[in-house]
Structures are given as C-alpha cells and as structure tokens.
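Trainee: Sharing a model prediction with you, sequence too.
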Number of protein chains: 2
Amino acid sequence: MPRKHSAADAPLRLDNQICFAVYSAAHAFNRVYKPLLDRLGLTYPQYLVMLVLWERDDVPVKDIGEKLFLDSGTLTPLLKRLEAAHLVRRTRSSEDERQVLIALTPQGHALKDKARAVPQSILAASDCSVSELVAMKDEIVALRDRLNAVIGE
Amino acid sequence: MPRKHSAADAPLRLDNQICFAVYSAAHAFNRVYKPLLDRLGLTYPQYLVMLVLWERDDVPVKDIGEKLFLDSGTLTPLLKRLEAAHLVRRTRSSEDERQVLIALTPQGHALKDKARAVPQSILAASDCSVSELVAMKDEIVALRDRLNAVIGE
DNA sequence: TCACATTTAATTGTTCGCAATTGAATGTGC
DNA sequence: GCACATTCAATTGCGAACAATTAAATGTGA
C-alpha cells in the first residue's frame, strides 16, 4: 500500500501539532473578536487589559502583566494608547515611586456596559455549549500552566 | 454570603474566557519553543513555514498562507528572512508569473533532521499523554474551524 | 551610613499579524 | 481583440510580543 509520508515524519506534520492547533485557534478568535471590539475602539490585547481593570482598578503595571503573562515592553505602549483614548489614567504611586498605577477614567468604567455584548457573540460564534467550552477552557488552562511551570526551570 | 463580584459580570471575568485560555496557552507554547528553535535559528512562525515545506516543497506563497491562515503581508517578509538564512529559494513561476514558488535549499532540507528533536521536547514539557494531547488538539481544531466558518459570513 | 542588590517601568530593536493599497499577470465576456 | 474583473505577491502603516538594556526607586547587609 502506498504511503504519502514516512512514519518517522509523523511528529513533524503540521496537523499533528497541538501547538499549531492552539496558535491557529488564537488567531481565529482574534478575527472573530475584531469586528466586535472595533465598536468599542479596542484591540484584543487592549480588551484583555480592560477586563483586568474592570475586575480591579488602580493596580500597578506589574499586576496586569502577571495576570495576562505580558511584560512592560508590551504593556507600556499599550497603556499609553489606552490613556490617549481617555480610558485609563497612569499615575506614579506615592508610596512606591517605581510603580505606575493604572486607573479607569469614567469613560473606561462606562465602556464595561458596552462590552457585555461581546462574550455573548463569541459564545454564539463558537457554536458550542457553555459546559463544553468550560471543560475545554479548563483543559487548556491546565496545559498552559504545565508549560509555564517548565519555563521557570 | 459575601460575593466578590456581581453575577452579571461573570461573562466578563478573565478566568471565564476560553479565548484568554487559548491566547495565553499560545504564548506559553511560544516560550517553551523559543530555546528549542533558537538552536535551529528559527522563530516559531518560521518553524511553521518549514513544517509546511518539509511536507511539500516548491509551493506558491498562497498555499502556505492557506495552511497556516496567514496572508502575504506576514509571509513575504518572513520568507525573505528564510531566504536570507539560505533555507529557501523564492522564484517566480514560469507558468503563472503572479505566483512566487518557495523551494527548500539543501540546507533547508537538512534542517529537518535537527528539527525531529523538537516535538519530543514539547511532548515532555506538556507533561501529558499523547492520547490526551491528540484529543485536546482535535477539540481545539474543531473549535477553530467553527470560528473560521463564522468569519466568512 | 553606605555600598550593593533588587524591583519596577520605560526604551530600543526585531519579528509577527493584519488591514488596506498597489501593480503586474491572468482570466472573462462581449 | 479588448475592456473589465480577478488573482497573487509586495508594500505600507499600525499594534502587539519579547529580549535586552537603562534608569530610578527601594530594600539589605555590613
């Protein structure tokens, strides 16, 4: 019987790689989010920062970075763009002048109401039950945490 | 009983978002891959392109883009860097002069052997059985395809 | 107190990722 | 054959993402 590929090559085939599945799924999510977030005037990473701030306000850059797994090289320019859009304020902490505290402006708080429509639209696009999505999410988070544990070694 | 958050905010909480799980898992994969790919002189997206070419050579840019869900704005500069690294050659098709065909150089072919070590290391870092990973991959691919189906509407 | 390490953001440079546009080659309908 | 649309890659501009470095503030030990 003819074989298209050598069995030794199976681990290198694109379709066998979970990392590509995750990578391409992330981009697919991004493309679904784009038109929804355009209405809010946010990019997807900016939306993530706003999610963090809607949960808790007036936090240092470092805290945002730890929650989103991002560093200041990504966050500093992103936060400056959110500040230019009048959604956040950036102020040096008086207790510790190394820290820059990020606080929502009234417009930043107000945007939360418009954002409530987003998760519903994503759920619809997923074409999947909530319980299935929650199960997948938990699996993916567990995998992510195992990967991140390896990095610190 | 005290509640930390309003129930109406649950869909907006970061930890409830599968998209953030996928987004952060993709970054975690990237960080695990980085030291492995550094030895090959490749970035992760460059590695994906090489995976495609190791399966089939001498293909137009468009074909690579369709497999990886990337467009020429991403691929053109990336392929030029692979060409500068002497891993691929870029030649205009003689049958259709609009197409640029991407072919592996001998060095590009040879790199495949060094790359075989990569999937093993990733598997180890995942700390997970192959069957579990395959199951997750299939679920994530199915979700990705449903999301991509919505975009074309 | 003072030298030293640590913490925190900001900065710089490189590489993705994509939208929008351009320009050349090809296909088509009349 | 010729106007027209379509296809394909390249280009431009902007926003991430991250490594590496810098600089200022803070903490620590002798």
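Mentor: Structure received.

Trainee: any idea of the pLDDT on the residue nearest the centre of chain A?
Mentor: Of all residues in chain A, the one closest to the mean position by C-alpha atoms, centre = their mean is residue A:48, 4.8 Å from it. As predicted, residue A:48 sits at a pLDDT of 98.

Trainee: same thing with residue A:1?
Mentor: Reported pLDDT for residue A:1: 53.

Trainee: Tell me which residue of chain A lies closest to DNA strand D.
Mentor: residue A:73 (2.8 Å; C-beta to the nearest atom of the strand). For the C-beta atoms, the positions are set from N, CA and C on the backbone; glycine is no exception.

Trainee: near DNA strand C at all, whichever helix or strand that residue is part of?
Mentor: Assessed by DSSP states H and E, residue A:73 sits inside helix A:72-84. Yes: shown here: helix A:72-84 in contact with DNA strand C (C-beta under 7 Å from any atom of the strand) through A:72, A:73, A:75, A:76, A:77, A:79.

Trainee: follow-up on the earlier one: quick check: nearest residue in space to the residue nearest to the centre of chain A, chain neighbours excluded?
Mentor: Using C-beta to C-beta, 6 or more residues apart in numbering or on different chains and skipping the chain neighbours, the partner closest in space to residue A:48 is residue A:68 (5.5 Å).

Trainee: Let me know how buried the one you found is, in neighbour terms.
Mentor: 21 (other C-beta atoms under 10 Å in any protein chain shown).

Trainee: ok, it touching residue B:15?
Mentor: No: in this structure residue A:68 lies outside contact range of residue B:15 using C-beta atoms under 8 Å: 11.8 Å.

Trainee: so what's residue A:34 scoring on pLDDT?
Mentor: 95.

Trainee: Help me confirm that it is found in a helix?
Mentor: Yes: Residue A:34 forms part of a helix when assessed by DSSP: H, G, I helix; E, B strand; the rest coil.

Trainee: Would you mind listing what in chain A touches DNA strand D?
Mentor: A:43-46, A:69-74, A:77-78, A:81, A:95-98.

Trainee: ok, and the closest non-adjacent residue to residue A:49?
Mentor: residue A:64 (6.0 Å).

Trainee: tell me the mean pLDDT for the helix holding residue A:73?
Mentor: Here the average pLDDT along helix A:72-84 is 98.

Trainee: Quick check: buried residues in it?
Mentor: A:75, A:78, A:79, A:82 (16 or more other C-beta atoms under 10 Å in any protein chain shown).

Trainee: Make TSV from those and add distance to residue B:124 to it.
Mentor: TSV is the format used below for the buried residues of helix A:72-84 (distance: C-beta to C-beta, whole Å):
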residue	distance to residue B:124
A:75	31
A:78	34
A:79	37
A:82	39
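
Trainee: How much space separates residue A:58 from chain B?
Mentor: 17 Å (C-beta to the nearest C-beta, to the nearest Å).

Trainee: swap in residue A:109?
Mentor: 13 Å.

Trainee: would that residue count as being in a helix?
Mentor: Yes: assessed by three-state DSSP, residue A:109 belongs to a helix.

Trainee: what's near enough to touch it?
Mentor: residue A:54 (C-beta atoms under 8 Å, 6 or more residues apart in numbering or on different chains).

Trainee: and what of the one 5 residues further on?
Mentor: The contact partners of residue A:114, taken as C-beta under 8 Å, 6+ apart, are A:39, A:40.

Trainee: helix/strand/coil for it?
Mentor: helix.

Trainee: With residue A:103 instead?
Mentor: strand.

Trainee: That one and residue A:93 touch, don't they?
Mentor: No: under the criterion of C-beta under 8 Å, residue A:103 makes no contact with residue A:93, lying 11.1 Å away.

Trainee: I believe the residue nearest to the centre of chain A is in a helix; please confirm or correct that.
Mentor: Yes: according to three-state DSSP, residue A:48 belongs to a helix.

Trainee: Would you check how far apart residue A:18 and residue B:22 are?
Mentor: For residue A:18, the distance to residue B:22 equals 12 Å [C-beta to C-beta, to the nearest Å].

Trainee: Between those two, which contacts overlap?
Mentor: Contacts common to residue A:18 and residue B:22, judged by C-beta under 8 Å, 6+ apart, are residue B:140.

Trainee: Counting neighbours, what do you get for residue A:66?
Mentor: 13.

Trainee: so where does it fall, helix or strand?
Mentor: Going by DSSP H and E, residue A:66 is in helix A:61-68.

Trainee: Give the buried residues for that helix.
Mentor: A:61, A:64, A:65, A:67, A:68.

Trainee: same check, this time on stretch A:7-25
Mentor: Buried-residue list, stretch A:7-25, by 16+ other C-beta under 10 Å: A:11-13, A:16-25.

Trainee: quick one: is it near chain B?
Mentor: Yes: residues of stretch A:7-25 contacting chain B under C-beta under 8 Å from any C-beta of the partner chain: A:8-9, A:11-14, A:16-25.

Trainee: I am finished for the moment; much appreciated.
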